[in-house]
Every structure is written in C-alpha cells, then in structure tokens.
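Novice: Fold the stuff below for me.
(2 chains, ligands or ions: 2)
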Amino acid sequence: MPDQETVHPDALVERIFQDKIDQEVKIEPKDWMPDAYRKTNIRQISQHAHSEIVGMLPEGNWITRAPSLKRKAILLAKVQDEAGHGLYLYSAAETLGTTREQTINDLHSGKAKYSSIFNYPTPSWADMGAIGWLVDGAAILNQVMLCRTSYGPYARAMVRICKEESFHQRQGFEILWVLSKGTDEQKAMCQESINRWWWPSLMMFGPHDSASTNSEQSMLWKIKRKSNDELRQNFVDMCAEQVKVLGMTLPDPNLKWNAETKHYDFGEINWDEFWNVVKGNGPCNKERVAARKKAWEEGEWVREAAAAYAAKREELVD
Amino acid sequence: MTSLIKKYYYGDIPEDKSGGADIPSNNVRQSDWPLWEVFIRSKQGLDHKHAGSLHAADAQMAIENARDVYTRRMEGVSIWVVESKHMHASNPEESTSLYEPSEDKIYRHPTFYDLPEEVKHM
Ligand SMILES: [Fe+2]
Ligand SMILES: [Fe+2]
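Specialist: Ligands and ions are numbered 1, 2, ... in the order given. Model (predicted):
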C-alpha cells in the first residue's frame, strides 16, 4: 500500500469547509456544507424570522390606541420594519433549500419556535417603551454578533436589520423617558412596565452556558460567536446604567456593581418560568399562533386571486 | 458527523427534537408565489446591486413589494426584479478551473512594469 493517508472525499470537503470558516470566509448558498450546518442554520434563521413576525403582534396591539398621531406613525413604522426583518430572514432561510410555505406551516403547527418574549401581553402603553428599550435592546446585542455569522445570506440580512434596529430601541427609551417626567400615574406606569419586562428580557438570551451539556458545534462553525451568558452580562451592564437616567429601578434586589469583575452582579432567573413558556404555556402562546394562522387563512383568497390574475395576464401576453 | 446540537444559543430556541428543521418533504402543497431576486440602484450613477429576494405573483407586485421590503428609508432610486428561476450562476466547485486562465497573467496589472523613476504621471 503506497499511500495510507488517503482521506475519504467527505472528510476532505469537510476539512475545506472548516478551513474556510476558520479563515473567516463566508459560506454561500451553493457551497458545499455539512448537513448539520445546513439544518442548524435553517432552524435558527427561521426561528429568528418567526420571532420578527410574531413580534409584530404585541406591539400591533397598540397601533390604534397610541396616545398621539406622532407615536402612532412611529409605532406603525417600527412594526412595519419587523415585517421587513421577517422577510429578509425568510429569504435567507430559503437559500438553504426550504420553501416559504413549509417554514410558515412549521410555525403554525407549533413545530418551529419563536422567541418566548412575544408570549407576554402588552396591557399598558408603557409596554411599547419597555419593549423598544429592553426587547429590541436585547435583540440588538445578538444581531450585532450575528452580522459576523458564517453563513453569508444570514450575515447580510443581519447587517440590514442592525441598521434599522437602533431607531427601535431609541424610540422605546424615549417613550419611557417622557413617561418618567410625567405625572405620578405615568411614572408608576413606567416602573410597572419595566418590572414586568425585565426578567423575560434576560431570559431572551437563553439558558446558562453551564446548563448546556453538548457540542460546541455552533461556535466552531461560527454560526454563533458569543455565549448566552456573555451577551446577557453585556445587556445587564448597559441597562443598569440606562435605567438611572430614567430615574427608575430594575426589579432585582441583587443587582449590584462588582468592582472586581467590573460588571454588575445580578439575581437568578426563574428558569421554571422560562421552560414553561418555551413549552407553550406562557400567557399568550396560543393567542399568538392563532393570530398568525387567522391572518394566513384569511389571506388565502388574496393569494389565490393574485396568482390567478398573474396567470391571466401571462396568457394575454402569449 | 455532528447531528446532535443541544447547546442552545440566543435565538436558537429549544425544540423537542433538536438538531434542525427538516428539509421540506413533498407532502406540502406548493402554492408559494414565484421567487424574485431584487436589485437596487441606491443612487443615480451607481450600479444596481443585489438586495435580496421575495415572493410575488407577478413582476409589478415584485417591484411594489421590493419597495416596501428593501427601500423603506430611501435606499433606492431604481429597482430591478428578475424571477429567480431565470438566474444562472457559476458553480463554486468549478471556480478553480473557471478563474484559472487569469491567474498567471500578472502582466495585465500596471504594477508589473518597471519604469525609470524620472517618468511622472504614468
Ligand atoms: Fe427586528
Ligand atoms: Fe426591532
């Protein structure tokens, strides 16, 4: 046997693939990629897309009741942006070989998940502020990281999204800031909303790094580039300072500056609540999916009519 | 190799059967509108650049949707749409042979030529 080192062709392409990732060369749709890389990206990108789309619902709740025409126009623009984000991401997922219809079916059947934060209700106007500040704020940290993710179409969608997100967070903070300068009732409304959104926002970053038992594959493939706890700590450090500007507090008695670590220490998340909402038992899980399904079903005739019209026009041209 | 990816990261929400969404099976009725690729000229004098894709029933709807999806902040002054099925692309696996002819022709670059120092503006 002259050459004992002959590598299996699969191992070879896999090595070329990993080399590209190590050298920060983006993977593009037609490039060879391991099946698990494709599947992980499909799952993650479509979950992300679903989060943008379902995320329109809690805020859409206030469009008709925004306190002024200005706030209404802003909220409408923000919600429209989220629809755009969902569409950028759905098309990124499609480059991996899924169909739009399949992806949407998976959301409706409950097979695919979306961020649990959108399973919480928005009973007060201040929630529009808290969502912009905290929920979009948490999302931005993740999305900034994902601008450097290894799959090209996902990274490009993220760059586009990041450009639009900062307005989302700023308008939210401004809503709270105005309320914090208002009447006693407005101040109380502001604080109450922060109290409700704080912990669910921290849960957005997912379980502790230590709670994960398995493969570091997503990091190795550079789909993800920072750990959950790392991102969460960044978020706490930023918010703990920003809340002071509002003259409000975060609902955590253990929140304290740690001069040694140069970070804020904070209390433990209620993980039972987290898993409970992930499993579908949050306050609004059923309502959210039902609203998506209803929109899809009621749009059926529009999709059919447009397709029929397009077919008819094509006939006329031929 | 690795099909078990149980480490959940932000934006990767735990699913019962972790390890990825399935590639679509054929039991779904295919009624998606056709897919279109969108190209946008961001300002007069510049090339159209690929912005992304979207679904639409016909070209006019594709342009209108492209306006809403890709130009909400005046990112464009002109939009091209082409149905994705009409796009043809080079094969990345053949890229070595495809681009090989230009690899050894360094004399096509101005830096290849040694000129005396006295020559200015060249
Ligand atoms: Fe978004
Ligand atoms: Fe947003």
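
Novice: Could you find the closest non-adjacent residue to residue A:258?
Specialist: Among residues not flanking residue A:258 along the chain, residue A:265 sits closest, at 4.9 Å (C-beta to C-beta, 6 or more residues apart in numbering or on different chains). For glycine as for every other residue, the C-beta is placed from the backbone atoms N, C-alpha and C.

Novice: what does the model give the one you found for pLDDT?
Specialist: Residue A:265 is assigned 98 on the pLDDT scale.

Novice: same thing with residue B:104?
Specialist: Note for residue B:104: predicted pLDDT of 84.

Novice: end-to-end on stretch A:208-220?
Specialist: In stretch A:208-220, first residue to last residue: 18 Å (C-alpha to C-alpha, to the nearest Å).

Novice: Ok, stretch A:57-73 next?
Specialist: End-to-end for stretch A:57-73, by C-alpha to C-alpha: 16 Å.

Novice: who's in contact with it?
Specialist: Contact with stretch A:57-73 is made by A:74-76, A:78-79, A:82, A:118, A:120-122, A:125, A:127-128, A:131, A:175, A:284, A:288, A:291-292, as judged by C-beta atoms under 8 Å, 6 or more residues apart in numbering or on different chains.

Novice: Specify the local secondary structure of residue A:311.
Specialist: helix (DSSP: H, G, I helix; E, B strand; the rest coil).

Novice: In three-state terms, label residue B:49 for me.
Specialist: Going by three-state DSSP: residue B:49 is strand.

Novice: The one 3 residues further on now?
Specialist: For residue B:52, the assignment made with three-state DSSP gives strand.

Novice: Is it in contact with residue A:91, as I believe?
Specialist: Yes. Look at residue B:52 against residue A:91 with C-beta atoms under 8 Å: they come within range, at 5.4 Å.

Novice: so what sits against both of these two?
Specialist: Common neighbours of residue B:52 and residue A:91 (C-beta under 8 Å, 6+ apart) are residue A:157.

Novice: Say whether ligand 2 is contacted by stretch A:139-151.
Specialist: No. Stretch A:139-151 is not in contact with ligand 2 by C-beta under 5 Å from the ion; minimum separation 6.1 Å.

Novice: tell me the mean pLDDT over that stretch?
Specialist: In the prediction, stretch A:139-151 has an average pLDDT of 93.

Novice: And for stretch A:128-135?
Specialist: 98.

Novice: what residues does it touch?
Specialist: The contact list for stretch A:128-135, computed with C-beta under 8 Å, 6+ apart, reads A:55, A:58-59, A:62, A:66, A:71, A:75, A:78, A:117, A:122, A:168-176, A:179, A:190, A:193-194, A:196-198, A:201, A:204, A:239, A:242.

Novice: Show the buried residues in these.
Specialist: A:55, A:58-59, A:62, A:66, A:71, A:75, A:78, A:117, A:122, A:168-169, A:171-173, A:175-176, A:179, A:190, A:193-194, A:196-198, A:201, A:204, A:239, A:242 (16 or more other C-beta atoms under 10 Å in any protein chain shown).

Novice: Intersect the residues you listed with the contacts of ligand 2.
Specialist: Among the buried ones among the contacts of stretch A:128-135, ligand 2 is touched by residue A:168 when using C-beta under 5 Å from the ion.

Novice: got any ranges where chain A has weak pLDDT?
Specialist: A:1-8, A:212-215 (pLDDT under 70).

Novice: List the contacts of stretch B:94-102.
Specialist: With contact meaning C-beta under 8 Å, 6+ apart, stretch B:94-102 is reached by B:90, B:91, B:108.

Novice: for it, how far is the first residue from the last?
Specialist: Using C-alpha to C-alpha, the two ends of stretch B:94-102 sit 15 Å apart.

Novice: Report how many residues lie close to residue A:233.
Specialist: Neighbourhood size, residue A:233 [other C-beta atoms under 10 Å in any protein chain shown]: 17.

Novice: who touches it in this structure?
Specialist: Neighbour list for residue A:233: A:263, A:264 [criterion: C-beta under 8 Å, 6+ apart].

Novice: again, 6 Å this time
Specialist: residue A:263 (C-beta atoms under 6 Å, 6 or more residues apart in numbering or on different chains).

Novice: Just read off the phi/psi values of it.
Specialist: With angles defined as degrees, to the nearest 10, residue A:233 sits at phi -60, psi -40.

Novice: how close does it get to ligand 1?
Specialist: Applying C-beta to the ion, to the nearest Å, the value for residue A:233 to ligand 1 is 22 Å.

Novice: Give me the distance between that residue and residue A:239.
Specialist: 11 Å (C-beta to C-beta, to the nearest Å).

Novice: And residue A:260, by the same measure?
Specialist: For residue A:260 relative to residue A:239 (C-beta to C-beta), the value is 21 Å.

Novice: repeat for residue A:26
Specialist: 32 Å.

Novice: Narrow the contacts of stretch A:57-73 to those that are buried.
Specialist: Neighbour counting with 16+ other C-beta under 10 Å marks A:74-75, A:78-79, A:82, A:118, A:120, A:122, A:125, A:127-128, A:131, A:175, A:284, A:288, A:292 as buried within the contacts of stretch A:57-73.

Novice: State the pair within those that is farthest apart.
Specialist: Farthest-apart pair in the buried ones among the contacts of stretch A:57-73 is A:175 and A:292; separation 26.0 Å (C-beta to C-beta).

Novice: List the residues that contact the closest residue to residue A:307 other than its chain neighbours.
Specialist: Distance criterion C-beta to C-beta, 6+ apart; nearest residue to residue A:307, sequence neighbours excluded, is residue B:57 at 5.2 Å. If you count contacts by C-beta under 6 Å, 6+ apart, residue B:57 has them with A:306, A:307, A:310, B:33.

Novice: Tell me the one among those residues nearest to ligand 1.
Specialist: Lowest distance from ligand 1 to the contacts of residue B:57 (C-beta to the ion) belongs to residue B:33, with 23.4 Å.

Novice: how about that closest one, what does it touch?
Specialist: Contacts of residue B:33 by C-beta under 6 Å, 6+ apart are B:55, B:56, B:57.

Novice: Quick one: mark the members of those residues that sit in helices.
Specialist: Among these, no member falls in helices (DSSP state H).

Novice: What is the burial count for the residue in chain A positioned nearest to ligand 1?
Specialist: Per C-beta to the ion, residue A:85 is where chain A lies closest to ligand 1, at 3.8 Å. Counted with other C-beta under 10 Å, the neighbours of residue A:85 add up to 27.
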